[in-house]
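In: Here you go, sequence then predicted model.
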Amino acid sequence: MTESTDNWVLTAVAKYERPLLRFATSLVGPAHARDIVQETFLKLCDQERSRIEGHLAAWLFRVTRNHATDQLRRAGRAESLSEGDDVASPDSGPQNKVERRQTLSRLQQLVETLPDREREALLLKFSGGLSYREIAETMQLSVTNVGFILHTAMKTIRTELGDTIGEGGVR
């Protein structure tokens, strides 16, 4: 690697490591997420900057998705997210934390039941922080199609959560 390649890759790592880790964790679980992301950045080191520069985020998430898919095939099954992860909220007391954990657990269950395309688009949007255009590049779809897929997924989740959540939290 040259000096400029080192800087470009280091900048990419600094900007995308955390979103890629969240995305990989949502696909393969926390035990393998770091390895998946590391493989992604190693592959980036071998690429010509000029081939990736206009669509770096989409390329990174697509490579991460491909590595995760390979990992799942090798393992023969998907690992679920750790249920021991705490979601920090600075102003929540014990009751709010319990309600929030129940809501997040229900939300995770709902996301897992979505069709593959809807689940992947949601994860890229909310775990990865990608724009519609970047999601379209990653999933090899049109931007319009991504918008429709996300709208459908969110409508399904809102409908299902509406049946579970009342004004006071989880029922």
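Out: Thanks, I have the structure now.

In: L107 versus L44, what's the distance?
Out: 32 Å (C-beta to C-beta, to the nearest Å). Backbone N, C-alpha and C define where each C-beta goes, glycine included.

In: Those two: which has the busier surroundings?
Out: Neighbour count, other C-beta atoms under 10 Å: between L44 and L107, L44 has more, with 20 against 15.

In: What residues of the particular helix or strand that has V146 in it count as buried?
Out: Here V146, judged by DSSP states H and E, is contained in helix 143-164. The neighbour-count check on helix 143-164 (16 or more other C-beta atoms under 10 Å) flags N145, V146, I149, L150, A153, T156, I157, E160 as buried.

In: quick one, phi psi at E112?
Out: phi -70, psi -20 (degrees, to the nearest 10).

In: Break this protein down into its structural domains.
Out: Domains of the chain are assigned by automatic domain parsing as 3-75, 94-170.

In: Pick out the shakiest of those domains, pLDDT-wise.
Out: Averaged per stretch, pLDDT over these is lowest on domain 94-170, reaching a mean of 79.

In: Surely L141 forms part of a strand?
Out: No - counting by DSSP: H, G, I helix; E, B strand; the rest coil, L141 falls outside a strand, being coil.

In: Show me what the helix ranked longest in the chain is packed against.
Out: Assignment by DSSP state H gives helix 3-28 as the longest helix of the chain. Using 3 or more C-beta pairs under 8 Å, 6 or more residues apart in numbering; DSSP states H and E, the elements in contact with helix 3-28 are helix 30-45, helix 49-52, helix 56-75.

In: which other residues reach stretch 33-53?
Out: 1, 4-5, 8-9, 12-13, 17, 20-21, 24-25, 27-28, 59-60, 63-64, 67-68, 71 (C-beta atoms under 8 Å, 6 or more residues apart in numbering).

In: Would you mind measuring from L114 to K15?
Out: Distance from L114 to K15, by C-beta to C-beta: 28 Å.

In: Which one's more surrounded, the two?
Out: When neighbours are counted by other C-beta under 10 Å, L114 and K15 differ, and L114 comes out ahead with 19 against 13.

In: How about the contacts made by the spatially most central residue of the chain?
Out: Against the mean C-alpha coordinate of the chain, by C-alpha atoms, centre = their mean, the closest residue is F23 at 2.8 Å. Taking C-beta under 8 Å, 6+ apart, we find F23 in contact with F61, T64, R65, L123, L124, S127, G128.
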